[in-house]
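In: I'd like to go over a predicted model; first the sequence, then the structure.
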Amino acid sequence: MARYNGPKTKISRIFGEPILGNGKWLGKNSNPPGQHGDKRKRKTLGEYALQLREKQKAKYTYGVLEKQFRKTFEEAARRKGVTGENLIKLLEARLDNTVFRMGIAPSRPAARQLVSHKHIEVNGHVVNIPSCSLKPGDVITIKDSSRGRTSITSAIRGKNPKFSWIDFNETEMKGTFITYPERESVPENIKEQLIVELYSK
């Protein structure tokens, strides 16, 4: 299964944001990676570089590689509405991201592992594909045989009340993907319009 396995802190330093972790090292060494760090003279980024940077940020944030990201964008472009907002909605509707948003896992990589190891069910059926796109009304539960595992239950922290497009009951270990989120409700600092401009060339 394709996924990014490189250094996470280095990626966070590139963007200056904790997009792949808690960012605890950003304050200590927030310079861009490289031999000379912030001493190296950097020209102002051009239009293409800014667009590419934003696409890379979105890919690393949601744990999607290039081919799959391109397919997601094409699906967003086919749907009615604003393409950039559709892209964010489709990324948020991924199963691994939804498991993370529900508070079942502490991070997207951890959520991806739960899904791929067959601990998660969608509408009563085990689904081990992290990129599975959910639809409004889909019910996500932790598999019965996995509910007794301390490694899983101890990591559950509960849903953030800000995420109104999903619901999760910690007692029943069951949640619902209610609807696609509105762009202003998604906290990720991604300028999706730059991604649209990049793919529109």
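Out: Looks like it came in fine. Nothing here was measured: the structure is a model prediction, and the numbers come from that model.
In: CA only for contacts and neighbour counts going forward, please
Out: OK.
In: show me the contacts for the residue nearest the centre of the chain.
Out: Residue closest to the average C-alpha location in the chain (CA atoms, centre = their mean): residue 62, at 2.7 Å. By CA atoms under 8 Å, 6 or more residues apart in numbering, the residues touching residue 62 are 91, 97, 108.
In: Residue 160 contacts residue 102, doesn't it?
Out: Yes - with contact defined as CA atoms under 8 Å, residue 160 and residue 102 form a contacting pair (7.3 Å).
In: more neighbours, the two?
Out: residue 102 (28 against 13; other CA atoms under 10 Å).
In: ok, the more buried one - contacts?
Out: Contacts of residue 102 (CA under 8 Å, 6+ apart): 158, 159, 160, 166, 167, 168, 175.
In: Residue 174 and residue 142: what is the separation?
Out: 7 Å (CA to CA, to the nearest Å).
In: Could you do residue 56 as well?
Out: Applying CA to CA to residue 56 and residue 142 gives a distance of 31 Å.
In: Go ahead and list the helix or strand containing residue 55.
Out: helix 47-62 (DSSP states H and E).
In: Residue 109 now?
Out: Counting by DSSP H and E, residue 109 is part of helix 108-116.
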